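Student: attaching a predicted model along with its sequence, questions to come.
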Amino acid sequence: MSAVLPPTGPLLGFPFSGQSKEASPSNAVPTVQSPILSPTFRYGQKRKLSHDDDSDDEMVGSPESSPAFGTRNLAPLPQQHQHHSAIQSVFLNSPHHSAHHHSVSKRARTEIIGRPLPLSRQLESLSAQALKAIICSLADKHAYLVDEVSSMAPTPTVSSSLELLARHLDRISSAFPYKGDPAGDYAYIRVRPHITEFLDAVSDYTPHFLPPREQQVGNCLQFLDGVTSLVHRLPEWRADANNALKHAAYDELSRAWSLAVREALKRANGIVLEYGGWREKIAKHNESAAGRLQSAVDAVDQGLGNAGRRFGRFF
């Protein structure tokens, strides 16, 4: 299908009609009549379009190849586009852009350098003994930390305290020599540091569960029952002098039992002692301790003597 084209010629001012396609816009003849001044060209005039119109125009010439076609804004567009593309190409290939892109990529990557462990990770790698030593050392240097750490630490329970004391007692058994007399002086020398450590722990934990620090009489009696059973397990030595530490522990426990019994007698006339079976338990502990808890037995008998007669009238 052929397109209807306007008449060509010098009078209509189409420079590409009489020139070859190789002619550039800068080599156009300046005397060519402008289409704006041509009497045969009208802006309101419509061209007859067809499907082959675009292809015919491209074969004859496009507006982009002619600076004289159309309005004044159409001609500079190709040059602006080419100029923008050229600037963009120069910027992308410039060393400044390459360095900027490299610095952005370098900042995006995480730098791997040596640094110390966080405090939480460093503490979790320590043993309980090492952590205890650090906290105690800080408390010795800064006295105000003692009350603060004590308030932050959870209060030990009866069961947790007895479990810890049992672990101290197990260290005594592990320290015994494989050969020799287990009741002799050499064995005593080997295990004495662990005995001292165990009895020091007993001396520290026992007041924690005594009144008025401990308000629950049941917790007090339960702890004394457990810790006295642990002291019974201490070894007996052939030399009486080596048994002095164990005997001193019984004396301390006897005073603790007496205090607990007096406090229990103030609560409902000692009904906890009478119906909790504590009279029998204390008597049995006194027997295992070779009579060294007699003061506690006497406190129970004296306190529950009149109370037992009063209870007998009701039961």
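Tutor: All right, it came through fine.
Student: in contact with the residue nearest to Ala183 when sequence neighbours are not counted, which residues?
Tutor: If the residues on either side of it in the chain are set aside, Ala183 comes closest to Arg238, at 4.6 Å by Cβ to Cβ, 6 or more residues apart in numbering. C-beta coordinates here come from the backbone N, C-alpha and C atoms, glycine included. With contacts defined as Cβ atoms under 8 Å, 6 or more residues apart in numbering, the neighbours of Arg238 are Asp181, Ala183, Gly184.
Student: turn those residues into CSV, including pLDDT, neighbour count and secondary structure.
Tutor: Shown next, in CSV, are the contacts of Arg238 (pLDDT from 0 to 100; neighbours: other Cβ atoms under 10 Å; DSSP: H, G, I helix; E, B strand; the rest coil):
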residue, pLDDT, neighbour count, secondary structure
Asp181, 89, 12, coil
Ala183, 93, 13, coil
Gly184, 93, 14, coil
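Student: now those as TSV including distance to His142?
Tutor: Listed next are these as TSV, based on distance: Cβ to Cβ, whole Å:
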residue	distance to His142
Asp181	48
Ala183	46
Gly184	46
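Student: show me where the stretch 151-300 of the chain has its helices.
Tutor: With DSSP state H, counting those that start in this stretch as the criterion, the stretch 151-300 of the chain has helices at 158-174, 185-208, 217-232, 244-265, 271-275, 278-288, 294-314.
Student: quick check: Leu138 vs Ala248, distance?
Tutor: Distance of Leu138 to Ala248, computed by Cβ to Cβ, to the nearest Å: 32 Å.
Student: so where is this protein shaky, pLDDT-wise?
Tutor: By pLDDT under 70, the low-scoring segments of the chain are 1-109, 306-315.
Student: just to revisit the earlier point, just the contacts of Arg238 now: which is nearest Ala268?
Tutor: Nearest to Ala268 among the contacts of Arg238 is Ala183, at 46.1 Å by Cβ to Cβ.
Student: give me every residue that touches Arg233.
Tutor: Leu169.
Student: need the contact list for Asn243.
Tutor: Applying Cβ under 8 Å, 6+ apart, the residues near Asn243 are Glu236, Trp237.
Student: again, 6 Å this time
Tutor: Trp237 (Cβ atoms under 6 Å, 6 or more residues apart in numbering).
Student: tell me the spacing between it and Leu304.
Tutor: In terms of Cβ to Cβ, Asn243 sits 32 Å off from Leu304.
Student: re earlier: what would the helices of the stretch 151-300 of the chain look like in CSV with distance to Ile113?
Tutor: Converted to CSV, those look like this (distance: least, Cβ to Cβ, whole Å):
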stretch, distance to Ile113
helix 158-174, 43
helix 185-208, 45
helix 217-232, 53
helix 244-265, 56
helix 271-275, 65
helix 278-288, 64
helix 294-314, 66
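Student: helix/strand/coil for Gln122?
Tutor: For Gln122, the assignment made with DSSP: H, G, I helix; E, B strand; the rest coil gives helix.
Student: with adjacent residues omitted, what lies nearest to it?
Tutor: Pro116 (7.8 Å).
Student: pull the number of nearby residues for the one you found.
Tutor: Look at Pro116: counted by other Cβ atoms under 10 Å, it has 7 neighbours.
Student: what about it, which SS state?
Tutor: Secondary structure for Pro116, judged by three-state DSSP, is coil.
Student: can you offset everything so residue one is 36?
Tutor: Right, with 36 as the first residue, what we last looked at is Pro151.
Student: Thr145 versus that one, what's the distance?
Tutor: In terms of Cβ to Cβ, Pro151 sits 18 Å off from Thr145.
Student: and Phe211, by the same measure?
Tutor: Taken as Cβ to Cβ, the span from Phe211 to Thr145 is 56 Å.
Student: same check on Gly215?
Tutor: Separation of Gly215 from Thr145 (Cβ to Cβ) stands at 62 Å.
Student: ok, the two, which is more surrounded?
Tutor: Counted by other Cβ under 10 Å, Gly215 and Thr145 do not tie: Gly215 has more neighbours, with 12 against 6.
Student: which residue, neighbours along the chain excluded, lies closest to that one?
Tutor: Gly215 sits nearest to Tyr221 (Cβ to Cβ, 6+ apart), 5.6 Å away.
Student: burial measure for the one you found, as a count.
Tutor: Tyr221: 11 neighbours (other Cβ under 10 Å).
Student: and it, how close does it get to Asn277?
Tutor: Distance of Tyr221 to Asn277, computed by Cβ to Cβ: 11 Å.
Student: need phi/psi at the residue nearest to Gln157.
Tutor: phi -70, psi 160 (degrees, to the nearest 10).
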